[in-house]
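A.B. asks: Just to be clear, the model below is a prediction. Sequence and coordinates:
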Amino acid sequence: MAALDASEIGGVAEAPSRRRGMGPVFWLAVGWIAFIILIAILANLLPLADPSKMTLLARRAGPSAAHLLGTDSLGRDVLSRLVFGARSSLAVGLLAPLLGTLAGGALGLLAGYFGGRIELIIIGLTDVLLAFPPLVLALAVVAYLGPSIVNLILVLGILTVPAVTRVARAATLAVRERDFVTAARALGASHRRILLREILPIVMLPLSAFFLVLVAVIIVAEGILSFLGLGVPPPAPTWGSMIAEGRDNLDVAPHIAFFPSIAMFLTVLAFNLVGDTLRAVTDPKRGTS
Amino acid sequence: MAGSGRAPLRQDPMLLSVENLVVEYGSGPYRVHAVSDVSFDVRRGETLGLVGESGCGKSTLGRAILQLYRPTAGRVLFEGADLTQESGEALRRIRRRVQLIFQDPIASLNPLRRVGEIVAEPLAIAGIGDGAERERRVRAVLNAVGLDADMVMRRRPHEFSGGQCQRISIARALVLEPDLIICDEPVSALDVSIRAQILNLLEEMKTRYGLTLIFIAHDLAVVKAVSDRVAVMYLGKLCEIGPAEQVFERPTHPYTSVLLAAIPLPDPDAPVPEALAFGEPPSPIAPPSGCRFRTRCPKAEARCAAEEPVMREIRPGQFVACHFATANGETA
Amino acid sequence: MSGAALLEVEDLTVELPTERGPLRAVAGVSLSLAAGRTLGIVGESGSGKTMLSRAVLRLLPHAARVTGRVRFEGRDLYAISREALRRLRGRELAVVFQDPMTSLNPVLTIGSQIAEALREHLGLAQAAAFARAVELLAEVGIPEPERRARQFPHQMSGGMRQRVAIAIALSCEPKLLIADEPTTALDVTVQAQILDLLAREQSKRHMALILITHDLGVVAGRTDEVAVMYAGGIVERAPTRALFKSMRCPYTQALMAAIPKLHAPPHTPLAAIGGSPPDPTRPPSGCPFNPRCRYAQERCRCEPAALTPPDASGHQYACWFPVGDPAAAEG
């Protein structure tokens, strides 16, 4: 086995704490994420009320046997709207960062690997994008193209590209100078081969961790846009629009805003925890071992 | 400024011939003169040792030969073909015949890939053989470097020690059966007791595969153990080049003597190493005029600042760049 | 031999918890050092030499478990209070590490780093401390010391940074200096200068010096006594000349044989030691060197040998069949 040197000895005492990072709280977060995704996918199969069905006689009702989480201001079942709302929130929350990671990841890889003019152009473009206040840009696009879930995913996805590009570029720069990449060059490997086979697998680790953190951010962003009325159009439920509706009823029926807020809070927290833990575990320092 | 000259280039057809090589990078006042007009050659089957302290440019020179850094000027002739003029597919084809071994054995292997894939990579890049043929060759070369192919192929680099990783690295360099291998400090990062194993392995592989080696290191004893000829570099310039025994036992350049005198010998009765050179090596950004070693040389005179010494043959096959060198050699 | 020992280490053992089980970094090491003497500790990576130096200074990671005793001027370093230890460190016990770039603070000037030690331990005022720092830089051979004192570590070369580290270590006139691979990262010409500097300062101050290295050449000319470590323990100890004249422990002998000799002709085959150093979490049974030892016999695989008591020339070794012993035969 590898002979130890002083730096490894230093790492010895850290090993237990790194495992602590993946302790019970981490797995609870993973469990919650799995649960939410599952019920969002299976929403149609679950014994839920129709989320659009309005029971005008039971408006703003608190939790009861018939409506486990109560009803909202139009008499719609909150639980069922919560579950179906998860679909929208997660669809946007997962697909927009995915788009951003694929595009930004590719750009960052190319910028970091080739440097020179290519890097200048890519970083220049992303800087321009960063200069726009994100919410204003989202508002403008949605106002122009019309609110729909696809437009939302596109806009939010594009807004994440600069951040992802930077992460990918930094990771690529760190890997580019390592000996095994030089070895591949010395063997006559083409740029494509080096990027795909040597650099990408290593850059994927911090990128995936960042992706999860982005999910959390986008869920909140979607929530804000829906809250402002610019998200997924009604009557499709989303957590953000539910919170907006609940805002007017806080004194009478706080549960209308409360439950979607809790759901969003837990989901965002879970993604943050998992993303942070994975980021710590895939730290570049460890990658040299 | 006059260059160092091409005197060390020999007549017969050589495997590798480096002519007036210059490697510089950076711009303006920060231009680094890493390699400045170096000429030497390597005969097929020879081992050339390249020694010098940090900043002398030996690693840069090794990589410039492979065109990993593009030289600023000069030629690198590999079997007559000038590598500095090649690119793309032609360069890639030549690269298969010249391989590189690195200083840090673990860092030179991709930590996410399995050893079998890593050693097969050169074959894959060159498009040689199919899956079965590649596996056969990988196994053969792993066994040749003293590793049990079955035990090693499915594992990842971090499961192995430094010495074992260096063996894997050597296997990767050998799988294409190259003509020339450039070894860049291959044992510096290894434990003393493992160094001997790897040095012996390199000698054995050289015989078995008919290799030519360029061995770059800062440890003179290690270089002497494996080299036929030795070149001494200082701050981008070649000071002395010749048969290993001669350069080490009867050096003609003051820097070589200074280096030799500074080495602590494992013998309590040997004189304690003398620090004959003054101060520290200057930076390659603003190297001294004339002879670059003059700021630290115990023999420096006014002439050394004004006139750069040119390489000349001081004894048959031994060349030196110093105004005061004589065939009787330096007193070490 | 000089008088009472300045440093006494008795049966020191250091264990570290790891994922694969407890790691015995230092195994039952005993040594002593008198003032003005130089002890060389030779070992490869994993031999425990760095852990030993950290243990002597009580600089181990929190999770480490230490048994045995370290006595400095009669005081048990593991029994005194943290405050008392802090006063000792830097003042009477100093250390120089291998990589001066990481042991110097990159955001403080050189002068302020030296002055910090002086103000802390000797209570000098700011101006006086800085002036003394400049003097110290001159003493360690740094040209233009006033200018250099205002520079940062990254503006200096490796050799100069190491001189600065030595200046800091010497600033409070320590009685014991531990130099852990002080020249490994430096060029050989600079190494000679730094080792000269250490030797000069040592004799000037009548300081005890522990020189830790993997290079037998470094200890040959500059130490009074050498201890060779392997797998956490001392396997041979002797006055320097006696050690090189006759190496009794097969590991020491093998190590010496494996080093390329500068005056041997090129292509002299090297006597390599097979195998690799043992995994400290899974040491072999018996003598830790036995799987790689030419002379290993049955007894070596069952029982580790203890260090023999010093013979007439002060030579000790841990081997059942030491080199030169008639009972030893190639196994």
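C.D. replies: Received, thanks. Computed from a predicted structure; not experimentally measured.

A.B. asks: does the closest residue in space to residue A:188 that isn't next to it in sequence count as helix, strand or coil?
C.D. replies: Sequence neighbours aside, residue B:92 is the residue nearest to residue A:188 in space, at 3.5 Å (criterion: CB to CB, 6 or more residues apart in numbering or on different chains). Yep, even glycine has a C-beta here, placed from its N, CA and C like the rest. When classified by DSSP: H, G, I helix; E, B strand; the rest coil, residue B:92 comes out as helix.

A.B. asks: State the number of residues packed around the closest residue to residue B:190 other than its chain neighbours.
C.D. replies: Spatial nearest neighbour of residue B:190, excluding adjacent residues (CB to CB, 6+ apart): residue B:162 at 5.2 Å. Residues near residue B:162, counting by other CB atoms under 10 Å in any protein chain shown, number 21.

A.B. asks: which stretches of the stretch 1-150 of chain A have low pLDDT?
C.D. replies: A:1-21 (pLDDT under 70).

A.B. asks: So residue B:213: helix, strand or coil?
C.D. replies: Here residue B:213 is recorded as strand under three-state DSSP.

A.B. asks: Tell me who's in contact with it.
C.D. replies: B:46-48, B:180-183, B:202, B:206, B:226 (CB atoms under 8 Å, 6 or more residues apart in numbering or on different chains).

A.B. asks: again, 6 Å this time
C.D. replies: For residue B:213, the contacting residues are B:47, B:181, B:206, by CB atoms under 6 Å, 6 or more residues apart in numbering or on different chains.

A.B. asks: just those residues now: which is nearest chain C?
C.D. replies: residue B:47 (8.5 Å; CB to the nearest CB).

A.B. asks: any idea how far that closest one is from residue B:17?
C.D. replies: 16 Å (CB to CB, to the nearest Å).

A.B. asks: So between those two, which is more surrounded?
C.D. replies: Neighbour count, other CB under 10 Å: between residue B:47 and residue B:17, residue B:47 has more, with 24 against 21.

A.B. asks: Any idea what the nearest residue to that one once chain neighbours are set aside is bridged to?
C.D. replies: Nearest residue to residue B:47, sequence neighbours excluded (CB to CB, 6+ apart): residue B:213, at 4.3 Å. Beta-bridge pairing of residue B:213 under DSSP bridges involves residue B:47, residue B:181.

A.B. asks: ok, residue C:206 - how many residues close by?
C.D. replies: Neighbours of residue C:206 (other CB under 10 Å): 11.

A.B. asks: mind listing what residue B:325 touches?
C.D. replies: B:252, B:314.

A.B. asks: Got the confidence number for it?
C.D. replies: On the pLDDT scale, residue B:325 is placed at 84.

A.B. asks: Could you measure from the residue of the stretch 151-300 of chain C found nearest chain A over to residue B:161?
C.D. replies: Using CB to the nearest CB, the closest approach of the stretch 151-300 of chain C to chain A is made by residue C:279 at 3.9 Å. The gap separating residue C:279 from residue B:161 is 9 Å, by CB to CB.

A.B. asks: Skip the chain neighbours and tell me the closest residue to residue C:264.
C.D. replies: Counting by CB to CB, 6+ apart, residue C:264 lies nearest to residue B:225, which is 7.2 Å off, once chain neighbours are set aside.

A.B. asks: sorry, that was for residue C:88
C.D. replies: residue C:72 (7.0 Å).

A.B. asks: Give me the domain ranges for chain C.
C.D. replies: C:5-92+C:172-317, C:93-171 (automatic domain parsing).

A.B. asks: Spell out for me which residue occupies the centre of chain C.
C.D. replies: For chain C, residue C:212 is the residue whose C-alpha lies nearest the centre (CA atoms, centre = their mean; 2.5 Å).

A.B. asks: show me the contacts for that residue.
C.D. replies: Going by CB under 6 Å, 6+ apart, residue C:212 touches C:41, C:49, C:53, C:180-181.

A.B. asks: ok so it is a strand residue?
C.D. replies: Yes - counting by three-state DSSP, residue C:212 is found in a strand.

A.B. asks: Now residue 81: phi and psi?
C.D. replies: All of this is about chain A. Dihedral angles of residue A:81 (phi, psi; degrees, to the nearest 10) stand at phi -70, psi -30.

A.B. asks: if you could check chain B rather than the one you did, that'd help
C.D. replies: Residue torsions, per degrees, to the nearest 10, at residue B:81 are phi -90, psi 130.

A.B. asks: confidence score at the residue nearest to it when sequence neighbours are not counted?
C.D. replies: Computed as CB to CB, 6+ apart, the closest residue to residue B:81 that is not its neighbour in sequence is residue B:94, at 6.5 Å. Looking at residue B:94, its pLDDT stands at 87.

A.B. asks: With residue B:10 instead?
C.D. replies: With respect to pLDDT, residue B:10 scores 82.

A.B. asks: Let me see the contact set for the residue nearest to it when sequence neighbours are not counted.
C.D. replies: Once flanking residues are discounted, residue B:10 sits nearest to residue B:41: 5.7 Å by CB to CB, 6+ apart. Contacts for residue B:41 (CB under 6 Å, 6+ apart) come out as B:9-10, B:14, B:17.

A.B. asks: so how many other residues sit close to the residue nearest to residue C:264?
C.D. replies: Residue B:225: 27 surrounding residues under other CB under 10 Å.
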